[in-house]
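Participant: Here's my sequence, what's the structure:
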Amino acid sequence: MKLDAISHRSRNTKIVATLGPASSDPETIRQLFDAGVDVFRLNFSHGAHADHQARYDAIRQIEADVGRPVGILMDLQGPKLRLGKIVGGKMALETGQELRLDLNPDMGENGRVPLLHPEIFAAVRPGDELLIDDGKVRLRVLECSKDHAKVIALNAGVISDRKGVNVPGAILPLSALTEKDREDLEFGLSIGIDWIALSFVQRPEDIHELKNIVGNRAWVMAKLEKPSAIDSLDAIVAAADGVMVARGDLGVELPPEEVPVLQKRIVRACREAGKPVIVATQMLESMISTPVPTRAEVSDVATAVYDGVDAVMLSAESASGAYPIEAVTMMDRILQSTERDPLQRITMDAVHSRRHSDTRDAISAAIRTVAETLPVAATVAFTSSGTTTLRVAHERPRAPILSMTPVPAAARRLSLVWGVHSIQSSDVVSIEEIVMHATRAAAKHGFGVPGQALLIAAGTPFGVSGTTNMLRIAWIGDAPN
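Facilitator: This next block holds a predicted model:
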């Protein structure tokens, strides 16, 4: 489905796709966009700055070619907790075998393994569990101090050099931002990244720390992958500009049967708060190596659409898999098919965003009501910061949303949001100009034909953030009056 400057996607749910070795050349990136990608993810756990710069440049070239904004999400690596080195590279454990973990950097042997992370010993207590290598080996803490812990193996297995360690039962006293993250962040902000995903979020203070650095240069997304974050879910959602349900890591630190329940809870919290939410990880996992997904994966993607998420994400499927274009094409087909089901609207409407007693939310609620009463071609949201468009989108109106802003950064950020076709427009100084620009843009971008109605939301004085106070009905092809 190749798009040009006047086209818009025929679906509301957005697709985020990760770029990597299988999808780094400009031609493939353009094919991914044409297949349905709305936002590209740059994973800073892998690749040098030069690699990400080249991918960034290719995306911005697509943006210039098609004449519409394309969003870019940088995903920070976050802290990586790992075992130290072991004599022979690995150590076999039997169920019930005891092991000492400590800060001694010497290579591990004879029932001892280095774990050079004092923050782990500061946080764990007897009875807590440590998960090695994505939970392949589970250890229970028997006793601990500030420099070591005695643990017992809950299952037989092999632990190896530098394998990852998860601590699901504790809040670790460390920042979500490592020195590497700070260097990557400085680079990402310098080139103009739109969204920043923060890994290892445990509490709202982690979001505040990042936002104090970023300011208004990008929007911040909280990756919820730690059980401790769920204890502060509402506060984290309030602090972040968006949320990613990182199911892979949640599935390591929690029993698998709890992940779907938490996914529903997180999505609902975001929907109620009016914050964009992405469901990520293993959505079409089998398409890493096969050209078609499993039926269970298709149902998984559809479930997220029924819940009304803003976006679904492809990780290894598009970054390193054998069928990146096919994976995006399949994702697009699933989204469109699910959104055509009348039950999807009924299910999605079971959750509404909370409304505040202010003019902006009153206008957004009125748009939803009018769009259900009058056959409008589109809702047009004029915005400078993006706030008006966000409020309109999270009412989930039946009519598609055309977001118009003179601010390039805002236009790019909004490309992630449910139902939004985001474009950069010239500034306006009067209601007449708003009507003129809205009706022309709606016709140009394929939202309707002359004679069809538009709902236009904006704020006066123009160009001032947070002043949404105007709702107007106009008709495509009519001169402003």
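Participant: can we go C-alpha only for contacts and neighbour counts from here?
Facilitator: Will do.
Participant: Over to the nearest residue to G386 once chain neighbours are set aside. Which of the three states is it?
Facilitator: Leaving aside its sequence neighbours, G386 sits nearest to A410 (CA to CA, 6 or more residues apart in numbering; 5.7 Å). With DSSP: H, G, I helix; E, B strand; the rest coil as the basis, A410 sits in helix.
Participant: check contacts around A410.
Facilitator: Contact analysis of A410 by CA atoms under 8 Å, 6 or more residues apart in numbering lists S384, S385, G386.
Participant: what's the neighbour count on the second one?
Facilitator: The tally of other residues near S385 (other CA atoms under 10 Å) stands at 21.
Participant: Torsion angles phi and psi at R30?
Facilitator: R30 has phi and psi values of phi -70, psi -40 when expressed as degrees, to the nearest 10.
Participant: outside of stretch 108-124, which residues touch it?
Facilitator: Here stretch 108-124 has contacts from 81-87, 91, 98-107, 141, 144-149, 167, 169-174, using CA under 8 Å, 6+ apart.
Participant: Which of the residues you listed fall within helices?
Facilitator: The members of the contacts of stretch 108-124 all map outside helices under DSSP state H.
Participant: Filter those residues down to just the buried residues.
Facilitator: 81-86, 91, 98-103, 141, 144, 147-149, 167, 169-172 (16 or more other CA atoms under 10 Å).
Participant: circling back: return the member of the contacts of A410 nearest to N155.
Facilitator: Minimum distance to N155 across the contacts of A410 is 50.8 Å, recorded for G386 (CA to CA).
Participant: Could you pull up the residues touching the closest one?
Facilitator: Contacts of G386 (CA under 8 Å, 6+ apart): T405, A410, A411, L414.
Participant: what does E317 give?
Facilitator: With CA under 8 Å, 6+ apart, E317 has these contacts: L284, E285, M287, I288, Y323, P324, A327.
Participant: tell me the SS of the residue nearest to the second one when sequence neighbours are not counted?
Facilitator: Take E285 and drop its neighbours on the chain: the residue closest to it by CA to CA, 6+ apart is E317, 6.3 Å away. Using three-state DSSP, the structure places E317 in helix.
Participant: Could you export the contacts of G386 as a markdown table, including pLDDT and distance to G127?
Facilitator: Formatted as a markdown table, the contacts of G386 follow (pLDDT from 0 to 100; distance: CA to CA, whole Å):
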| residue | pLDDT | distance to G127 |
| --- | --- | --- |
| T405 | 94 | 54 |
| A410 | 96 | 48 |
| A411 | 96 | 49 |
| L414 | 98 | 45 |
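Participant: hang on, G36 packs against E326?
Facilitator: No. Contact status for G36 versus E326: not in contact, 10.5 Å apart, counting by CA atoms under 8 Å.
Participant: If you count surrounding residues, which of these two has more?
Facilitator: Taking neighbours as other CA under 10 Å, G36 and E326 compare with G36 leading, 25 against 19.
Participant: so how far is H421 from the residue nearest to G386?
Facilitator: Shown here: A410 relative to H421, a distance of 12 Å by CA to CA, to the nearest Å.
Participant: cool, P118 as well?
Facilitator: Applying CA to CA to P118 and H421 gives a distance of 48 Å.
Participant: Determine the number of other residues adjacent to the residue lying closest to G96 once chain neighbours are set aside.
Facilitator: Nearest non-adjacent residue to G96, counting by CA to CA, 6+ apart: A153, 5.2 Å away. If you count neighbours by other CA under 10 Å, A153 ends up with 20.
Participant: What of V301?
Facilitator: Count around V301 with other CA under 10 Å applied: 21.
Participant: Contacts only, for it.
Facilitator: Neighbours of V301 in contact, by CA under 8 Å, 6+ apart: M283, V312, M331, I334, L335.
Participant: quick check, nearest of these to I196?
Facilitator: Using CA to CA, the contacts of V301 come closest to I196 at V312, 16.4 Å.
Participant: So the closest one lies in a strand, does it not?
Facilitator: Yes. Counting by three-state DSSP, one finds V312 located in a strand.
Participant: okay, now it: neighbour count?
Facilitator: 25.
Participant: Show me how the record splits the chain into domains.
Facilitator: 14-78+176-343, 87-166, 359-475 (automatic domain parsing).
Participant: Could you tell me which ranges of the stretch 301-450 of the chain sit under the pLDDT cut-off?
Facilitator: Low-confidence segments of the stretch 301-450 of the chain (pLDDT under 70): 355-357, 360.
Participant: What are the boundaries of the helices in it?
Facilitator: 316-319, 324-339, 342-348, 359-373, 387-393, 408-413, 431-444 (DSSP state H, counting those that start in this stretch).
Participant: got the contact list for stretch 445-459?
Facilitator: 5-8, 363, 367, 371, 375-383, 388, 400, 435, 438-439, 442-443, 466-478.
Participant: do that again at 6 Å, thanks
Facilitator: 6-7, 376-382, 467-477 (CA atoms under 6 Å, 6 or more residues apart in numbering).
Participant: for stretch 19-26, same thing?
Facilitator: L42, A58, A319, S320.
Participant: Could you tell me how many residues sit around the closest residue to the last one other than its chain neighbours?
Facilitator: This means S320. Nearest non-adjacent residue to S320, counting by CA to CA, 6+ apart: A22, 4.7 Å away. When neighbours are defined as other CA under 10 Å, A22 has 19 of them.
Participant: Please apply the same query to M330.
Facilitator: Other residues close to M330 by other CA under 10 Å number 20.
Participant: my guess is N216 is in a helix, correct?
Facilitator: No. N216: not assigned to a helix; according to three-state DSSP it is coil.
Participant: what's around it, how many residues?
Facilitator: 11.
Participant: before we move on, what about S190?
Facilitator: Residues contacting S190 under the criterion other CA under 10 Å number 10.
Participant: Next: M436.
Facilitator: Quick note: M436 (other CA under 10 Å) scores 19 neighbours.
Participant: next one: G451
Facilitator: 12.
Participant: Identify, from the contacts of A410, the entry nearest to E257.
Facilitator: Nearest member of the contacts of A410 to E257, counting by CA to CA, is G386, at 37.0 Å.
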